[in-house]
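Chemist: return atomic coordinates for the entry below.
(one chain, ligands or ions: 1)
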Amino acid sequence: TAPALKTYFNGKFLVGMTAEPSEINNAISQPVLKTHANSMTAENCMKPLAIGTSAGVYNYTLADQVIAFASANNIAVRGHTLLWHQSAPDWFFAGDSTSATYRATVQARLERYIADVVTYFKGKVYAWDVVNEPTSDSAGSPYRNSRWYQVLGADYIEIALRAARAADPTVKLFINDYSTENTDKLARLMSIVDTLLTRGAPLDGIGHQLHITTTWPPVANVRAAFQAVETRGLINHVTELDVSLYGSDPGSCYGTPATGCAPSLTEGTTAYWDSIRAQAAQYRAMYDLFASQPSVKSVTTWGVADNHTWLTSYPVNRLNHPLLFDTTGKPKSAFWAVVNPS
Ligand code: XIL
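Modeler: Model prediction:
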């Protein structure tokens, strides 16, 4: 019989899964969450576009459902996220951007939002992705040229971290990003981190999204990312793990627009099963690494079971089965590879 993941990895790291109220109440994913997870992340309902209705006005309806389910089932919650360029309500930036007070106004809105939301969830979440995806994907400035960066400059990250710490002295504060397994991107993120640490900004850890594929990355790259963080005295969380079946996608598939993406697999074909086998090997290699790294405190998959995953619409619409449980919620080969390490 299948061991509970949270028991299997007890003493190593928390086992997390992302889920919205719809997934919590879904007959396929709910039993998986209850059996295997001791950490949860809200897929969308704790993002600024979901919570921040307007200045000082918040909508916690869905987030409260996640918190209630988690607390009823002894599941801890990771807060995701307080600031993200893709979930930035326009009201934060309203006003005359040429006026002398504009920058201070935007900063005050950000500080108030973070103070209120972190206070609301105090004692209910154990970590916050304070800033999501701040790192540039290209050489040059390490900072993503987001609206936040354009208005507040590089300081916006420190402003956000300090506001979160002021509202909750103990919750773990994270910067979360993707492609930390890419050597150049890791270097850019670490240059941001070093600036923050030099300035004494409150930062506890780095979240590695780890949206990976059957063929990328090598384990050594992920280990290097963990070690870069550990060397700086910070902890590691794996925050959004999934293993796409499309290991042959070119980089351009993840561009805007997405071009050259591999065509959809058909379930049950030889190509499908080859990819499922490669996926199991990739999952095994990754969990072997996670379990060997004491600095890795939490490992979350971005979804529960293959019946619901963002990868069926990103980067293009096609079949994808990137998780540890199949579309009916049963453990699949990737699951068995993870609990029967080499
Ligand atoms: C994704 C959700 O899964 C989708 O449902 C939503 O439409 C867009 O956001 N990096 C992140 C997550 O930090 O918040 C994203 O989640 C996936 C990529």
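
Chemist: what sits against residue 325?
Modeler: When contacts are counted by CB atoms under 8 Å, 6 or more residues apart in numbering, residue 325 is found next to 32, 304, 305, 306, 331, 332, 335. Backbone N, C-alpha and C define where each C-beta goes, glycine included.

Chemist: and for the longest helix along the chain, what's in contact with it?
Modeler: Ranked by number of residues, the top helix in the chain under DSSP state H is helix 270-292. The contact list for helix 270-292 (CB under 8 Å, 6+ apart) reads 9, 12-13, 210, 212-215, 219, 222-223, 226, 238, 241, 243, 245-247, 265-266, 296, 299, 321-322, 324, 332-338, 341-342.

Chemist: again, only this time at 7 Å
Modeler: Residues external to helix 270-292 that are found in contact with it (CB atoms under 7 Å, 6 or more residues apart in numbering): 9, 12-13, 212, 214, 219, 222-223, 238, 243, 245, 247, 265-266, 296, 299, 324, 333-334, 337-338, 341-342.

Chemist: among those, which lie within strands?
Modeler: In strands, defined here by DSSP state E, the members of the contacts of helix 270-292 are 212, 238, 243, 296, 299.

Chemist: count of neighbours near the closest residue to the first one other than its chain neighbours?
Modeler: Once its chain neighbours are removed from consideration, residue 212 has its nearest residue in residue 243; the separation is 5.6 Å (CB to CB, 6 or more residues apart in numbering). Neighbour count for residue 243, taken as other CB atoms under 10 Å: 28.

Chemist: kindly report the same for residue 130.
Modeler: Counted by other CB under 10 Å, the residues lying close to residue 130 total 29.

Chemist: what of residue 87?
Modeler: Here the count is done by other CB under 10 Å, and residue 87 has 17 residues near it.

Chemist: off-centre distance for the longest helix of the chain?
Modeler: The offset between the C-alpha centroid of helix 270-292 and the centroid of the whole chain comes to 20 Å, using CA atoms, centre = their mean, to the nearest Å.

Chemist: buried stuff in stretch 277-292?
Modeler: For stretch 277-292, a neighbour-count test (16 or more other CB atoms under 10 Å) marks 278, 279, 280, 282, 283, 284, 285, 286, 287, 289, 290, 291 as buried.

Chemist: cool, stretch 243-257 as well?
Modeler: Counting neighbours by 16+ other CB under 10 Å, the buried set in stretch 243-257 is 243, 244, 245, 246, 247, 249, 253, 254.

Chemist: please apply the same query to stretch 82-91.
Modeler: Neighbour-count burial for stretch 82-91, counted by 16+ other CB under 10 Å, picks out 82, 83, 84, 87, 88, 89, 91.

Chemist: can you put these in CSV and add distance to residue 74, pLDDT and secondary structure?
Modeler: Formatted as CSV, those follow (distance: CB to CB, whole Å; pLDDT from 0 to 100; DSSP: H, G, I helix; E, B strand; the rest coil):
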residue, distance to residue 74, pLDDT, secondary structure
82, 25, 99, coil
83, 29, 99, coil
84, 28, 98, strand
87, 29, 98, coil
88, 34, 98, coil
89, 33, 98, coil
91, 37, 98, helix
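
Chemist: what sits against residue 296?
Modeler: 13, 226, 236, 238, 290.

Chemist: among those residues, who's most crowded?
Modeler: Counting by other CB under 10 Å, top hit in those: residue 236 with 27 neighbours.
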